[in-house]
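*Asks:* Quick one: sequence plus predicted model below, questions after.
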Amino acid sequence: MLDTQSTNNRLLRALKGELTETPPLWLMRQAGRYLPEYREIRTKVGSFLELCGTPELAAEVTLQPLRRFDLDAAIIFSDILIVPFALGQQVEFVKGEGPKLDPITDGKAIAKLERKAAGDTFAPVYEALRRVRAELDPDTALIGFCGAPWTVATYMIAGGGSKDQAEARALAYSDPEAFAGLIDLLVDVSAGYLIEQVKAGAQVLQIFDSWSGSLAEDEFARWSIGATKALVAKVKAEVPDVPIIGFPKGAGPSAIPYARRTGIDAIGCDTSLPLRFIADNLQNLMPVQGNLDPVLLMAGGEHLDRRVGQILEALGDRPFVFNLGHGILPQTPPEHVSRLVSLVRSK
Ligand SMILES: Cc1c2[nH]c(c1CCC(=O)O)Cc1[nH]c(c(CCC(=O)O)c1C)Cc1[nH]c(c(CCC(=O)O)c1C)Cc1[nH]c(c(C)c1CCC(=O)O)C2
């Protein structure tokens with residue numbers, strides 16, 4: 001494990017509550033299809049999962065955005081759906097259609113998931129982390145991640161992306177016991193996965209709860225906040241000093257109890273959260289991260305310049321991590337990312 005205290009990394013400092021001279025900057029999905037050098041590597045392997053499972057290539061793709069842009073962190077190249085894959089579920093990424101899984105529709109299918117350690121599937125991710133850490137500038141942080149149990153469960157149950165996550169919400173209502181069994185399993189496996197990522201070199205962790213926004217109030221409390229709290233507690237018991245960023249996309253005002261109760265160190269804010277709301281209700285609790293519209297980064301121009309200024313103005317005087325409000329879009333011109341970096345750096 002790395003001694004995170006000794007680095008001078010802006011991201012680590014901001015996540016510990018320090019105000020940095022300029023805010024740290026990284027971008028969700030910063031490695032990927034908007035970069036021609038990624039598309040080039042992508043042609044060398046048959047499938048996306050094969051790319052994630054080949055440490056040399058996964059490490060290379062992780063480092064690509066750092067070679068182009070002055071970013072404060074690398075995020076390991078993998079996917080949140082590696083966890084269901086490790087549990088023995090069939091997972092495929094179909095070009096142009098997104099992920100396809102063999103759907104889990106009832107308690108019987110949940111009970112069949114492999115509860116034994118999923119080490120073999122995760123091993124290449126750990127190896128990629130070690131390779132990236134060895135090559136990365138000491139002042140650049142390395143981020144590990146996983147999906148939140150709720151968000152991963154939505155894909156497992158619907159068999160892919162879904163509208164309003166209705167299948168998973170329905171199962172949670174109709175068979176809460178079986179659904180809780182799936183969530184508990186995901187908490188356990190994801191905790192082990194995050195802890196091992198830290199041992200392999202990750203210095204910061206992010207938990208992506210991309211679909212927390214589809215849950216009603218009580219269900220949000222149980223499946224988003226409750227499951228994340230359990231996951232964070234397990235990770236903190238082993239690696240207490242590693243900061244954890246929670247990203248409850250679409251949570252709206254429920255981001256406040258999420259920040260208060262999950263045990264996370266910083267909160268990722270999606271594009272829909274007003275800057276005033278973030279400053280008054282979240283940044284008073286912990287460092288915040290966000291929330292430029294990825295569509296605006298794709299569009300570029302004066303509007304981009306203006307909005308970056310507004311975000312820095314509203315959030316830049318307290319611990320803050322500049323990021324998008326969701327992942328970068330494949331159609332984004334790389335020059336717009338360069339422009340964004342120079343705007344944030346010249347603050
Ligand atoms: C919901 C979710 C997924 N994956 C992820 C989330 C949470 C964040 C979010 O809400 O966007 C997280 C993720 N996925 C990927 C990363 C890599 C690291 C990085 O951020 O650079 C990360 C952090 C690579 C990827 N994951 C995927 C790609 C594209 C695969 C390809 O190259 O063909 C990449 C680069 C595939 C993927 N993976 C997923 C979907 C829905 C898709 C298909 C849609 C798409 O293609 O963007 C599930």
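*Replies:* Sure thing, it's come through.
*Asks:* which residues does residue 312 contact?
*Replies:* Contacts of residue 312 were listed using CB atoms under 8 Å, 6 or more residues apart in numbering, and they are 23, 322, 344, 347. All C-beta atoms are positioned from the backbone trio N, CA, C, and that covers glycine.
*Asks:* can I assume the second one sits in a strand?
*Replies:* Spelled out, that is residue 322. Yes - residue state for residue 322 (DSSP: H, G, I helix; E, B strand; the rest coil) corresponds to a strand.
*Asks:* For the stretch 1-150 of the chain, what lies in contact range of the ligand?
*Replies:* The stretch 1-150 of the chain comes close to the ligand at residues 28-33, 42, 48, 75, 77-81, 93, 98-99, 145, as judged by CB under 6 Å from any ligand atom.
*Asks:* what sits up against stretch 173-180?
*Replies:* Stretch 173-180 is contacted from outside by 106, 107, 110, 153, 168, 171, 172, using CB under 8 Å, 6+ apart.
*Asks:* Tabulate the CA atom coordinates of the helix or strand hosting the third one in CSV.
*Replies:* The secondary structure element spanning residue 110 is helix 107-112 (assigned by DSSP states H and E). Taking only C-alpha atoms (Å, rounded to 0.1, in the frame of the first residue of the first chain), the coordinates of helix 107-112 have been written out as CSV:
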residue,chain,number,x,y,z
GLY,A,107,-34.7,-15.3,-5.5
LYS,A,108,-33.6,-18.6,-7.0
ALA,A,109,-31.4,-17.0,-9.5
ILE,A,110,-29.9,-14.8,-6.8
ALA,A,111,-29.1,-17.8,-4.6
LYS,A,112,-27.3,-19.4,-7.6
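*Asks:* list the buried ones in that helix?
*Replies:* 109, 110 (16 or more other CB atoms under 10 Å).
*Asks:* Need the residues that contact it.
*Replies:* Under CB under 8 Å, 6+ apart, the answer for helix 107-112 is 88, 104, 175, 177, 178, 179, 181, 182, 185.
*Asks:* was I right about residue 84 contacting residue 154?
*Replies:* No - using CB atoms under 8 Å, residue 84 is not in contact with residue 154, being 10.8 Å away.
*Asks:* List buried residues within the residues of the stretch 1-150 of the chain next to the ligand.
*Replies:* Using 16+ other CB under 10 Å, the buried ones in those are 28-32, 42, 48, 75, 77-81, 93, 99, 145.
*Asks:* related to what we said a few turns ago, out of the residues of the stretch 1-150 of the chain next to the ligand, which sit inside strands?
*Replies:* 75, 93, 98, 99, 145 (DSSP state E).
*Asks:* tell me the least confident of the residues you listed?
*Replies:* By pLDDT, residue 98 ranks lowest within those, coming in at 91.
*Asks:* Can you name the residues bridging to that residue?
*Replies:* Beta-bridge pairing of residue 98 under DSSP bridges involves residue 94.
*Asks:* Residue in this structure with the shortest distance to the ligand?
*Replies:* residue 210 (3.2 Å; CB to the nearest ligand atom).
*Asks:* so where's the longest helix in the protein?
*Replies:* helix 176-199 (DSSP state H).
*Asks:* ok, residue 9 touching residue 72?
*Replies:* Yes - using CB under 8 Å, residue 9 is in contact with residue 72, at 6.5 Å.
*Asks:* what's the overlap in contacts for the two?
*Replies:* Counting by CB under 8 Å, 6+ apart, the residues touching both residue 9 and residue 72 are 24, 140, 141.
*Asks:* I'd like to know which of these are buried.
*Replies:* 24, 140, 141.
*Asks:* who touches the one helix or strand residue 337 maps to?
*Replies:* Residue 337 belongs to helix 334-345 when assigned by DSSP H and E. Helix 334-345 has contacts (CB under 8 Å, 6+ apart) with 22-23, 25, 27, 34-36, 65, 68-71, 292, 297-298, 300, 304-305, 308-309, 312, 322, 328.
*Asks:* just the strands in the protein please.
*Replies:* 73-75, 91-94, 98-101, 141-147, 204-209, 244-248, 266-268, 288-292, 320-324.
*Asks:* Throw those strands into JSON lines and include distance to residue 160, thanks.
*Replies:* Shown next, in JSON lines, are the strands of the chain (distance: least, CB to CB, whole Å):
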{"stretch": "strand 73-75", "distance to residue 160": "23"}
{"stretch": "strand 91-94", "distance to residue 160": "9"}
{"stretch": "strand 98-101", "distance to residue 160": "5"}
{"stretch": "strand 141-147", "distance to residue 160": "14"}
{"stretch": "strand 204-209", "distance to residue 160": "16"}
{"stretch": "strand 244-248", "distance to residue 160": "21"}
{"stretch": "strand 266-268", "distance to residue 160": "24"}
{"stretch": "strand 288-292", "distance to residue 160": "27"}
{"stretch": "strand 320-324", "distance to residue 160": "23"}
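*Asks:* Thanks a lot, see you next time.
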